[in-house]
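In: Fold the stuff below for me.
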Amino acid sequence: MRHVIVGTAGHIDHGKTSLIKALTGVDTDRLEEEKRRGISIDLGFAHLDLSPELRLGFVDVPGHERFVKNMLAGASGIDLVLLVIAADESIKPQTREHFDICRLLGIPRGIVALTKSDLVDPDVLGLVRLEIDEFVRGSFLEGAPVVPVSAATGTGLDAFKKELLRVAETVPAKDGAQHFRLPIDRAFSMKGFGTVVTGTLVSGSLQAEDEAELYPLRRRVRVRGLHSGGRAVARAMAGQRTAVNLAGIEREEIQRGMVLGPPGVFEPTKSLDARITLLGSARPLKNRARVHFHQGTAEGIADVVLIAGNELAPRQSALAQLRLDQSVLLLPGERFILRQFSPVVTIGGGTVLDVQAPRHKSADPSVVAFLEMIERGNREEILAAFVETVPQGLSLSQLTARTGWSDSEIRQVVKNLVAAKRVRTTIDQPLTIVSTRLVAACAAALRIALEKFHQVNPLAPGIPKQDLRGRVAKTSPEIFAAALDDLAKTGIVTVSGDLVQRAGREIALSAEEAKAKELIEKEFQRAGLTVPSFAAVLEKLPVESKRAQKILQILLREKVLIKVTDELIFHRDAVAQLRELLAKYRKERGNKLPIPVFKELTGITRKYAIPLLEYLDRERVTRRVGDERVIL
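Out: So this is what the prediction gives:
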């Protein structure tokens, strides 16, 4: 069975609730105060099976101007609007405001009920029809059915149902593969069940025992059971009015405006970029104006920061950043309503573009270009634009939170972009997508930085990775790793451990440096195991201390010299001879080696003996056992 949500709209006392009751048999005025005062105050709900394949879920909204915020909570997620206009009063102020709201929300289709038609003669009825035709001209309701009906007498109800069925059948089927979202419009406790929330399931599907999360509360809950259309169901699909019995939370913790969704998928926001539009009846909107913000069932206060300009004129649109007073769950493409801060009237609305909007620098042209791409581009262009703005790249989960797309959709878009060489993946766990352009720019900058390092440090073997990354401004670890990997794979650089150098580079020593290198090696070779301090060696060299230190590093890197401690450096020949001496000792006298015996065997003092034995332990030539060594 397909499910279509029908939302009412219209002025107070034009017969919205009476028409729903006549169609469904359900009085949607459930509150005692509503029955006492004879007006709708909050949302009401009913359903009607128009055919074996089609069920309508009605959301009846209050018509009084004081309860427009309740009307807005009910207007989210509706597939078609039932605009109710009383024949004896025609178009009234709330008719206009509700209709403006429907247009701003982008509701694509609807039907007009000309109620109380039994109270006027045919001439008046014809005149009101003309007024309605003029009222809806140029809107989504132009050409929509206008059906005279009387809830009191039943006249026109059959014709109205027939037209309602025809319009409802044009509503496209919902995509059940998307992540589920249920904006909450009611929460209550029910004896024997506990906490229950209701709303319209705007996307995806939900079933009993599913784990869920309440956004923006970030509270994990469990679905104990589901009801839709007055009966228990095992599974609820997008488009259904749904009551959800929740475990793990109390009724008092839940508010209208929260959203039930999959755990850990979305990120609530307090800052969004959007395209906003003002109604013709609105005052000019100044930059940083404070407004009432309504989206889905949520409401709050927002400061409107215009991306360009200081004022927005009526009937005009502009890009803007909305900074909210509280976190809400939003996704790109969703519509919202703006109402003047005081007096509270509807002044416009807009479409969400970016739900994780950073604060922008004033007069930055790249911001406009980026948002226009998000607004008008296809999925490949949108995802590429998001990746371009995030130097560290975006993971699959981050892209889901930012777009609302399913994992399979994102993977397909990424696959297309990788094939077009616009993005690339850097790591698989989690899958991270980075901009190809940013990687290439980073690689070029790394080559320049590496050349400069070699020019300034001709004797250095290479530069540590972290130091190299620090020489390229604002480079994320992900972009740096990808760029360095590209340079290594193409044979431009060589990476050895933590050091990076230009591929094929050899250290060219001057005559003085070559002589110093030779002197250092001979000095340590001559010393055997009783090596001098490096400071003593420096005094004999023809180069200054700084260059001598770098030459020493070359000898250490070439393993001509071996560093045992920071103060003791030995020639490799001396260490090799020591190993041979120990091997001979083990063969002739056994593997136990007391320290005094080691000193006697090598002819060195404790100053050299202890560091050498510790070095031999590290090299697994010996192992310390108590105060002795065992030759391995």
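
In: neighbours around the residue lying closest to Leu54 once chain neighbours are set aside, how many?
Out: Of all residues beyond its chain neighbours, the one nearest Leu54 is Arg2 (5.3 Å), with distances taken as Cβ to Cβ, 6 or more residues apart in numbering. The C-beta positions use only the backbone N, C-alpha and C, and glycine is treated the same way. By other Cβ atoms under 10 Å, the residues close to Arg2 number 17.

In: try Ser139
Out: So Ser139, with other Cβ under 10 Å, has 14 neighbours.

In: and it, backbone torsions?
Out: Dihedral pair for Ser139: phi -110, psi 180, per degrees, to the nearest 10.

In: circling back to that earlier point, give me the pLDDT for the residue nearest to Leu54.
Out: Note on Arg2: pLDDT of 87.

In: Look up phi and psi at Val493.
Out: Per-residue torsions, Val493: phi -130, psi 160 (degrees, to the nearest 10).

In: So in terms of bridging, what pairs with it?
Out: Arg502 (DSSP bridges).

In: just to revisit the earlier point, which phi and psi values does the residue nearest to Leu54 adopt?
Out: Phi and psi for Arg2, reported as degrees, to the nearest 10, are phi -90, psi 150.

In: now do Gly257
Out: Per-residue torsions, Gly257: phi 110, psi -20 (degrees, to the nearest 10).

In: Next, count neighbours for it.
Out: The number of residues packed around Gly257, counting by other Cβ under 10 Å, is 21.

In: got a list of what the closest residue to it other than its chain neighbours touches?
Out: If the residues on either side of it in the chain are set aside, Gly257 comes closest to Ala298, at 3.4 Å by Cβ to Cβ, 6+ apart. Residues in contact with Ala298 (Cβ atoms under 8 Å, 6 or more residues apart in numbering) are Pro183, Arg256, Gly257, Met258, Val259, Val328, Leu329.

In: and those residues as CSV, adding distance to Leu396, secondary structure and pLDDT?
Out: Formatted as CSV, the contacts of Ala298 follow (distance: Cβ to Cβ, whole Å; DSSP: H, G, I helix; E, B strand; the rest coil; pLDDT from 0 to 100):
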residue, distance to Leu396, secondary structure, pLDDT
Pro183, 25, strand, 93
Arg256, 32, strand, 90
Gly257, 28, coil, 92
Met258, 26, strand, 95
Val259, 21, strand, 96
Val328, 23, strand, 96
Leu329, 19, coil, 95
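
In: ok, of those residues, which one's closest to Gln577?
Out: Using Cβ to Cβ, Leu329 is the member of the contacts of Ala298 that lies nearest Gln577, at 73.5 Å.

In: Quick check: beta-bridge partners of the residue nearest to Gly257?
Out: Judged by DSSP bridges, the bridge partners of Ala298 are Gln295.

In: where's it relative to Gln326, distance?
Out: Distance, Ala298 to Gln326, by Cβ to Cβ, to the nearest Å: 9 Å.

In: and if you look at Pro262?
Out: Separation of Pro262 from Gln326 (Cβ to Cβ): 22 Å.

In: which of those two has more neighbours?
Out: Shown here are Pro262 and Gln326; by other Cβ under 10 Å, Pro262 has more neighbours (17 against 14).

In: Which residue, other than its chain neighbours, is closest to the more buried one?
Out: Nearest to Pro262 is His179, by Cβ to Cβ, 6+ apart, at 5.2 Å.

In: Number of residues surrounding that neighbour?
Out: 18.

In: my guess is Leu450 is in a strand, correct?
Out: No - counting by DSSP: H, G, I helix; E, B strand; the rest coil, Leu450 is located in no strand; its state is helix.

In: Just the pLDDT for it.
Out: Looking at Leu450, its pLDDT is 88.

In: For it, give its distance to His11.
Out: From Leu450 across to His11, the span is 73 Å (Cβ to Cβ).

In: Verify the stated contact: Leu394 with Glu388.
Out: No - counting by Cβ atoms under 8 Å, Leu394 does not reach Glu388; the two are 10.2 Å apart.
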